[in-house]
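Trainee: Dropping a prediction and its sequence here:
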Amino acid sequence: MKVAIVHDWLYTYAGAEKVLEQMLICFPDADLFSLIDFMPENARSFLYGKKVRTSFIQRMPFAKNKHRHYLPLMPFAIEQFDLRKYDLVISSSHAVAKGVLTGPHQLHICYCHSPIRYAWDMQHQYLEESNLTHGIKSLLSRYLLHRIRLWDYRTANGVDYFIANSKFIASRIKKVYRRESEVIHPPVNIDKFALSTLPRENFYLTASRLVPYKKISLIAASFRKMTDLKLKIVGVGPDETKIKEIIKGAPNIEYLGFVKDDELVLLMQKAKAFVFAAEEDFGIIPVEAQACGTPVIAYKRGGTVETVVDTPENLQTGAFFTEQSVDSIVDTIIRFERSSSIQPKTCRENAEKFSELMFRSRFIKFVTDCYQKFMNQA
């Protein structure tokens with residue numbers, strides 16, 4: 001069986017690339033395709049020395065740093081990959097990878113990280129954050145996103161089976177493509193985040209890229225109202241200045257900026273709880289925190305609903321707040337402070353459901369079952 005794996009683009013090692021890494025472990029002989037490949041040499045180990053076949057966008061001017069500017073060309077570019085010789089095509093898609101062309105004798109399975117967010121339900125948020133709400137550029141952008149939606153919906157018909165990275169994304173796939181999907185949660189390297197049963201220190205932790213939708217500024221504003229509770233903030237990004245302004249004069253809030261991975265693990269192991277206010281498709285970092293035995297206080301939307309356990313009877317691995325507001329966060333942290341029911345071992349056991357081993361086991365079984373079904377129908 002000849003296998004091709006198609007990824008949107010390669011320039012950083014983030015959540016989608018962690019999934020790709022596990023796919024390559026499952027299918028070590030697969031050929032790898034990507035629109036572009038600008039991964040630094042010191043960050044390519046997850047590709048296991050595999051040659052990456054790229055599209056013409058790789059050779060376009062400024063593609064290394066401005067590849068997103070070529071979005072109008074990406075649907076056309078992904079269709080130029082010649083995959084005729086492959087029996088099985090696996091696309092790892094959060095943008096256009098699922099749009100590759102396959103024939104009736106080929107099985108196409110798409111691991112969908114999300115339908116194109118900025119083209120569908122997040123269009124208006126994307127336009128606002130890009131200052132594209134008015135004027136001729138706004139009209140052109142809206143028309144482009146309209147065309148991408150048409151292409152995105154049409155190409156969903158070329159996928160034989162969808163895998164969603166969470167129930168939240170499965171509902172998006174159902175809404176956008178009118179297709180059912182199997183939920184296989186992304187792999188989390190829980191071995192890197194060891195369980196700590198040492199006494200917790202008296203501080204809360206949040207860590208993220210400092211971008212608006214992560215809501216770190218909201219978490220900071222919440223702890224300004226709880227001067228008796230300490231917060232440590234880890235991360236860098238465009239919102240750094242805004243966050244520093246919010247925490248100015250607040251002795252209970254400490255901004256640490258960038259920290260190395262081993263330092264972050266240590267902070268997680270020491271923290272009383274990890275605070276997470278974003279609406280994420282899945283959200284890996286709350287699982288990493290639980291792997292350390294650390295409870296998570298999270299916004300009750302998106303993937304965290306599937307990874308954090310907060311039951312009406314008691315708190316098992318964390319506590320949910322229902323609104324992205326200061327009052328909601330404060331009320332939830334007060335509820336958490338009054339509870340002593342969460343055990344580090346319970347948090348760790350919950351995190352183990354999302355391990356790399358669990359991902360590989362479920363992914364291989366699903367692909368194998370689909371391929372057998374496909375061959376029986378041929």
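Mentor: Done, it's in. Numbers count the residues shown, from 1 in each chain.

Trainee: All the helices of the stretch 151-300 of the chain, in order from the start?
Mentor: With DSSP state H, counting those that start in this stretch as the definition, the stretch 151-300 of the chain shows helices at residue ranges 167-177, 216-224, 240-247, 261-270, 284-291.

Trainee: okay, those helices, which one's buried deepest?
Mentor: helix 284-291 (a mean of 27; mean count of other C-beta atoms under 10 Å). Every C-beta, even on glycine, is put in place using the N, C-alpha and C of the backbone.

Trainee: what's that helix packed up against?
Mentor: Applying 3 or more C-beta pairs under 8 Å, 6 or more residues apart in numbering; DSSP states H and E, we find helix 284-291 packed against strand 273-276, strand 296-299, helix 304-307, helix 344-351.

Trainee: Could you save the helices of the stretch 151-300 of the chain as CSV and add columns showing distance to Pro72?
Mentor: Putting the helices of the stretch 151-300 of the chain into CSV (distance: least, C-beta to C-beta, whole Å) gives the following:
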stretch, distance to Pro72
helix 167-177, 20
helix 216-224, 32
helix 240-247, 32
helix 261-270, 37
helix 284-291, 31
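
Trainee: Distance to Phe81 and mean pLDDT added to the ones you listed, as JSON lines?
Mentor: Supplementary listing: the helices of the stretch 151-300 of the chain in JSON lines, determined by distance: least, C-beta to C-beta, whole Å; pLDDT from 0 to 100:
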{"stretch": "helix 167-177", "distance to Phe81": "21", "mean pLDDT": "96"}
{"stretch": "helix 216-224", "distance to Phe81": "38", "mean pLDDT": "97"}
{"stretch": "helix 240-247", "distance to Phe81": "39", "mean pLDDT": "96"}
{"stretch": "helix 261-270", "distance to Phe81": "34", "mean pLDDT": "95"}
{"stretch": "helix 284-291", "distance to Phe81": "29", "mean pLDDT": "96"}
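
Trainee: Can you check which of these gets nearest to Leu20?
Mentor: Between Leu20 and those, the shortest separation by C-beta to C-beta is 14.1 Å, and it involves helix 284-291.

Trainee: what's the angle between that closest one and helix 344-351?
Mentor: With axes from the mean of the first three to the mean of the last three C-alpha atoms, to 10 degrees as the basis, helix 284-291 and helix 344-351 are set at 140 degrees to each other.

Trainee: got the CA positions of helix 284-291 in CSV?
Mentor: These are the backbone C-alpha positions of helix 284-291, laid out as CSV (Å, rounded to 0.1, in the frame of the first residue of the first chain):
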residue,chain,number,x,y,z
ILE,A,284,-3.2,21.1,24.4
ILE,A,285,-1.9,23.1,27.3
PRO,A,286,-4.8,22.3,29.7
VAL,A,287,-4.0,18.6,29.2
GLU,A,288,-0.3,19.2,29.8
ALA,A,289,-1.1,20.9,33.1
GLN,A,290,-3.3,18.0,34.2
ALA,A,291,-0.5,15.6,33.3
